[in-house]
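S.K.: let me see the structure of the following:
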Amino acid sequence: PENMACTSSSGLPMARGALALVLMVALCDCSPALRASSCFTDPSQSSCENADNFYTTTNVNQDLLAVCSTYTWLSGCSIWKQCNTLGIASGISTSYCAPWSLLNSTCSIALGGNTAAIPGCRSYLSLCVSGSSVKQCATEGVQGLVTTDVALNDVRLLCEEMPDMVQCPECTDITNPATACPDPFMTLSGICLSMWMSNCDHWEAMCRIHQTGFRPFCGENSGSTGGASSTVCYGSMIMYFHQGYNDFVLFKGWVPCTAGWYAFTLIGIALTTALLPLLRGFRHQCYHLY
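M.R.: This is a model prediction of the structure:
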């Protein structure tokens, strides 16, 4: 007992010293990661320039997994799914699959919509604010991306107009996207690729920007050009008299989507009309000769 008491009394200062050392290490602002942790509250600091020091690619991918495993209906998560299933084999550019590009497309207020309440987006929204020094925040997501709210509403309007479209059963209730409309962006893309209609305007505007590397959502025309303005031409099937461009003329590839192509089409139709009587006369003469 006497030896035990002695050991106990001598060990107490040692234990206190070890505890003090641990606290000093914990409170010491000497590691880059600990210094940079304040970037989540004040990202304007010059030390916050490179997020890799405190918000690594692993952290970004973990947040994306957390968001897109739960909020599957976000437009950015639709891209994330394509990148993580087929990747470039699906025809999507690697630049759109970069972690920070996906994070921007998914969590930014401008592209993702109302994402402030999503836990996995909090780090991004803390870092990427006005005046932020974090260089990764400048990584663009998909420019002109059809936001989740817009995709949901456009699918609703399209399926009210054409309820027999094969994609419409994929989205039956836009007020409950978690179970009744799990991927509105892909549903919208499928409908508009099958048959362009007036409520495909937002989708078309996006696909005109992304002429390459966005095939899962913009189809084979993603990368094709038409006309002098080098814009993508999508044929429409509007079932009533109308004005405007983007109508199919005889062939799949003949879609006048610019003023120049439209004028060329009118001239072509006029010439065909003028040649038709001549062809009939020629056929009549051939009939009598042979």
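S.K.: could you say which helix or strand contains I269?
M.R.: Under the criterion of DSSP states H and E, I269 resides in helix 259-289.
S.K.: can you check L157 too?
M.R.: helix 148-161.
S.K.: before we move on, the earlier item: what does the average pLDDT come to for the helix holding I269?
M.R.: For helix 259-289, mean pLDDT rounds to 81.
S.K.: ok, stretch 124-138 next?
M.R.: So the average pLDDT for stretch 124-138 ends up being 92.
S.K.: any idea how far that stretch is from the middle of the chain?
M.R.: 19 Å (C-alpha atoms, centre = their mean, to the nearest Å).
S.K.: in the helix holding L157, what's buried?
M.R.: 148, 150-156, 158-159 (16 or more other C-beta atoms under 10 Å). Backbone N, C-alpha and C define where each C-beta goes, glycine included.
S.K.: which residues sit against it?
M.R.: Contact with helix 148-161 is made by 73-75, 112-114, 146, 165, 168, 171, 174, 177, 181, 184-185, 187-188, 191-192, 197, 199-200, 202-203, as judged by C-beta atoms under 8 Å, 6 or more residues apart in numbering.
S.K.: if you set the cut-off to 7 Å instead, what comes out?
M.R.: Residues outside helix 148-161 that contact it (C-beta atoms under 7 Å, 6 or more residues apart in numbering) are 73-75, 112-113, 165, 168, 171, 174, 177, 181, 184-185, 187-188, 191, 197, 199, 202.
S.K.: same deal with stretch 122-130?
M.R.: With C-beta under 7 Å, 6+ apart as the test, stretch 122-130 has contacts from 39-40, 43, 51, 55, 63, 103, 107, 116, 134, 137.
S.K.: switch to 6 Å and redo it
M.R.: Residues from elsewhere that reach stretch 122-130, judged by C-beta atoms under 6 Å, 6 or more residues apart in numbering: 40, 43, 103, 107, 134, 137.
S.K.: as CSV, those with neighbour count and secondary structure would be great.
M.R.: Output for the contacts of stretch 122-130, formatted as CSV (neighbours: other C-beta atoms under 10 Å; DSSP: H, G, I helix; E, B strand; the rest coil):
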residue, neighbour count, secondary structure
F40, 15, helix
P43, 22, coil
L103, 29, helix
C107, 26, helix
V134, 24, coil
C137, 18, helix
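S.K.: burial measure for T58, as a count.
M.R.: The tally of other residues near T58 (other C-beta atoms under 10 Å) stands at 9.
S.K.: brain fart, V249
M.R.: 14.
S.K.: cool, and the one 5 residues further on?
M.R.: Burial of W254, expressed as a neighbour count using other C-beta under 10 Å, amounts to 16.
S.K.: now swap in G131 and tell me
M.R.: With other C-beta under 10 Å as criterion, G131 counts 7.
S.K.: in the helix holding I269, what counts as buried?
M.R.: For helix 259-289, a neighbour-count test (16+ other C-beta under 10 Å) marks 261-262, 265 as buried.
S.K.: redo those residues as JSON lines? Include distance to L125.
M.R.: JSON lines is the format used below for the buried residues of helix 259-289 (distance: C-beta to C-beta, whole Å):
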{"residue": "W261", "distance to L125": "44"}
{"residue": "Y262", "distance to L125": "45"}
{"residue": "T265", "distance to L125": "48"}
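S.K.: between those residues, which is nearest Q285?
M.R.: T265 (30.7 Å; C-beta to C-beta).
S.K.: residues contacting the closest one?
M.R.: Contacts for T265 (C-beta under 6 Å, 6+ apart) come out as 249, 256.
S.K.: from memory P99 sits against N59, does it?
M.R.: No - if you go by C-beta atoms under 6 Å, P99 and N59 don't touch, sitting 9.3 Å apart.
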